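Colleague: predicted model and sequence below, questions to follow.
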Amino acid sequence: MNVKRTVHRVISKIHTSFATRKHLEFIRDHAAELRKLPGGADRYKVALHFPDAMVNAYQIRQWYEPLLALAEFVPVVIIVRNPDAAMHLYKECPLPIHYAPKIEDVERLVQSQDLRVVFYVNQNIRNFQIMRFNSPDHVFICHGESDKAYMWSNQLKAYDYVFSAGQAAQDRLQKHLRNFDASTRCRLVGRPQIDVHYVSPIDVNNELPTILYAPTWEGDRPSMNYGSVLSHGEQLIDALIRDGGFNIIFRPHPRSGQISKAYRQALERIKIQLSTTNEDSEAQFIFDDSAHWGWQWSVADACITDISAIAYDFLATGKLLYVTKPVSDDASIADSPALEQVPTLTANGITEFASLLSDALADDNMRQSELVNYYFGDTSPGASMQRFISESLALVEKQSNAGG
């Protein structure tokens, strides 16, 4: 058995080494674009630092369109530290990609450009390599609004500012972080992603309501065990299919199954069930593992998800939302207006859920307009995007005045 595992490790290492060589060859062939350092008025003023591998690309993809909108006013670049990510993002990202694997590469970029603002979408430890530079404002924009413990990490103190969605986020930080003045360090920008027009890659049966079930991953520690695939998922999918009155979009978190084999196996069973049932039903059952997140909001009439950023993304649409209740006693659950007011779905409440869901879809009182305003502010078309651009440009201008 040990010999078999060793062979698998050797083969995996060979595959990884081969892939890395291919990525580095690609980078060498595109060095002019991937290491471009523009001069004069074209020098970059805003950057997003992304040191991760492609497994976390979902964190940056949602910021493509807001950053493109900002790039109408100032030059914007994505700083990438990983060769695999550099290759893939170069192909898919509509913004300039600058490959800077070493700290000296980062230094060369910072010293040659006119960076006023650097954005961060996660808490990767390599963020601190670029955060040692004093002149740009370092701004945490995260990869979604939620009430996970991650959202009030003490690491947020390291950033000059936190771009938060709304008053709820500011109140959350003020409550949980010591020696942190949230009223001055937070800038409220709404959720600019809701102001992007997303083209749906699918057509669903419009005679039936469409339900988005988007569970989060299993987490890498007990306190982050919010994922519902094992506790709720298979029962829920089975109940909705048996009802026959709903289209289903099942979208698991991109990291699902990374830690737990049982979680990964449950995902595969759901995928098979959706595929085989699809052949004999008027409803449409879709296993969505596509790269892009956003089009699902406009297609779905209701969403079932876990304590995660997806809950808050969908909350901003004003449509019907349910949040699953974790079965693990170790999962860290904060007191929050969203979790108190949004309907919850327990693991033992799934049997009758399909009929309850049908009734709720017809009930306008299930919408949460006051809660949406607390978490996101003005969600009228274009309002969030305008706030994001305005707050970003205000920091760019502040740095310009400080340097002048």
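Modeller: Cool, got the structure.

Colleague: pull the residues that contact the helix or strand where Asp313 lies.
Modeller: Using DSSP states H and E, the element containing Asp313 is helix 309-315. The contact list for helix 309-315, computed with C-beta atoms under 8 Å, 6 or more residues apart in numbering, reads 142-146, 148, 165, 191, 193-194, 212, 214, 216, 293, 297, 300, 303, 305, 321, 323, 338, 342, 368, 371-372, 375-376. C-beta here means a position set from N, CA and C on the backbone, and glycine is covered the same way.

Colleague: and after that helix, which helix or strand comes next?
Modeller: The first helix or strand that comes after helix 309-315 along the chain, using DSSP H and E, is strand 320-324.

Colleague: elements contacting that next one?
Modeller: Counting contacts by 3 or more C-beta pairs under 8 Å, 6 or more residues apart in numbering; DSSP states H and E, strand 320-324 packs against strand 302-305, helix 309-315, strand 344-345, helix 353-361.

Colleague: quick one: average pLDDT of it?
Modeller: Averaging pLDDT along strand 320-324 yields 93.

Colleague: could you pull up the mean pLDDT of the following helix or strand past that strand?
Modeller: Moving toward the C-terminus from strand 320-324, the next helix or strand (DSSP H and E) is helix 337-341. On average, the pLDDT along helix 337-341 is 82.

Colleague: show me what counts as buried in helix 337-341.
Modeller: Applying a neighbour-count criterion of 16 or more other C-beta atoms under 10 Å, one finds Ala338 buried in helix 337-341.

Colleague: before we move on, what SS does Ile211 have?
Modeller: strand (DSSP: H, G, I helix; E, B strand; the rest coil).

Colleague: now for it, how many residues are close by?
Modeller: As a burial measure, Ile211 scores 25 neighbours (other C-beta atoms under 10 Å).

Colleague: just Leu67 next, same as before
Modeller: Neighbour count of Leu67, defined by other C-beta under 10 Å: 24.

Colleague: ok, now Asp195?
Modeller: Asp195 has 20 neighbouring residues, counting by other C-beta under 10 Å.

Colleague: looking at it, it is touching Ser384, isn't it?
Modeller: Yes: shown here, Asp195 and Ser384 form a contact pair, counting by C-beta atoms under 8 Å, at 5.4 Å.

Colleague: one step back: pipe the helices and strands packed on strand 320-324 into a markdown table and attach distance to Ile79 and mean pLDDT per row.
Modeller: Shown next, in a markdown table, are these (distance: least, C-beta to C-beta, whole Å; pLDDT from 0 to 100):
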| stretch | distance to Ile79 | mean pLDDT |
| --- | --- | --- |
| strand 302-305 | 31 | 95 |
| helix 309-315 | 23 | 86 |
| strand 344-345 | 40 | 92 |
| helix 353-361 | 44 | 91 |
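
Colleague: can you tell me the SS state at Ile249?
Modeller: Taking three-state DSSP as the rule, one finds Ile249 in the strand state.

Colleague: and it, how far is that from Ala300?
Modeller: For Ile249, the distance to Ala300 equals 6 Å [C-beta to C-beta, to the nearest Å].

Colleague: sorry, back to before: to Ile389, which of the helices and strands packed on strand 320-324 lies closest?
Modeller: When the helices and strands packed on strand 320-324 are compared by C-beta to C-beta, helix 309-315 sits nearest Ile389, at 19.5 Å.

Colleague: so where do the strands sit in the stretch 101-250 of the chain?
Modeller: Taking DSSP state E, counting those that start in this stretch, the strands of the stretch 101-250 of the chain run over residues 117-120, 137-140, 161-164, 186-188, 210-214, 247-250.

Colleague: can I get those in CSV with mean pLDDT?
Modeller: What follows is the strands of the stretch 101-250 of the chain, written out as CSV (pLDDT from 0 to 100):
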stretch, mean pLDDT
strand 117-120, 98
strand 137-140, 97
strand 161-164, 96
strand 186-188, 96
strand 210-214, 97
strand 247-250, 96
